[in-house]
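S.K.: one predicted model, sequence on top.
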Amino acid sequence: MLSKIRNRQKGFTLIELLIVIAIIGIIAALLIPNFLDALQKAKQKRTVADMRNTGTAFFSWLTDVNSAAAAGQATTTFDTSAYTTCDDGTQLENVLVPQYTQSVPKQDGWKTAYNYCMNAPTAARVLMIQSAGRDTALQSGTLTVEGFDPTDYDQDIIWADGYFVRWPQRLEGTATP
């Protein structure tokens, strides 16, 4: 009897291992899409926060330099061609750093360069910050001022003259970020 106990091998059977692997596969299949969506959402939120902070710093500078009025009046359409000079944020960096902000972000959450467009500080339209979103393709021309489904990560996010022109918005709400 003692010899039978010694000959018996310890470990898992093939069926037990297959069941464990199947359970791990099912759990992974459920969690990975949620994880990937959470990564995209974090990139989108970082982009919105960067744009808001940079815009606030710019308007602080504009108020100090030109005694500017409040942010522009909201409209139903927006024309991106109303801004003449666009760059990677170097012009903004020259006037905002270090007094109004520590740095001007160069890339959005998807590691794509922001499109910073400026006019003269006395113009009616002074600053537009544009992120191309996940697809890296900038929208241009006349756009409708509206929010979009926050899970559509390919949409451009645009902040201009004190308010968001295109922004991720929950379907239930109507408030701008």
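M.R.: Cool, the structure landed. Numbers count the residues shown, from 1 in each chain.

S.K.: got the contact list for stretch 102-111?
M.R.: 42-47, 50, 54, 88-89, 92-93, 96-97, 113-114, 116, 131-134, 136, 153, 157 (Cβ atoms under 8 Å, 6 or more residues apart in numbering). In this view, the C-beta of every residue, glycine as well, is placed from N, C-alpha and C.

S.K.: buried stuff in it?
M.R.: 104-105, 108-110 (16 or more other Cβ atoms under 10 Å).

S.K.: ditto for stretch 42-60
M.R.: Buried residues in stretch 42-60 (16+ other Cβ under 10 Å): 43-44, 47-48, 50-51, 54-55, 57-59.

S.K.: which of those fall in strands?
M.R.: If you go by DSSP state E, those have nothing in strands.

S.K.: tell me the secondary structure for residue 153?
M.R.: coil (DSSP: H, G, I helix; E, B strand; the rest coil).

S.K.: could I get the pLDDT score of the residue lying closest to it once chain neighbours are set aside?
M.R.: Nearest non-adjacent residue to residue 153, counting by Cβ to Cβ, 6 or more residues apart in numbering: residue 134, 4.1 Å away. Looking at residue 134, its pLDDT is 96.

S.K.: got it, and residue 62?
M.R.: pLDDT, read off for residue 62, is 87.

S.K.: you'd agree it is up against residue 126?
M.R.: Yes - under the criterion of Cβ atoms under 8 Å, residue 62 makes contact with residue 126 at 6.6 Å.

S.K.: ok, how many other residues are close to the residue nearest to residue 153?
M.R.: Residues lying near residue 134 (other Cβ atoms under 10 Å) number 17.

S.K.: for the protein, just list every one of the strands.
M.R.: Using DSSP E, strands in the chain cover 77-79, 85-87, 115-118, 127-131, 142-144, 146-148, 157-160, 163-168.
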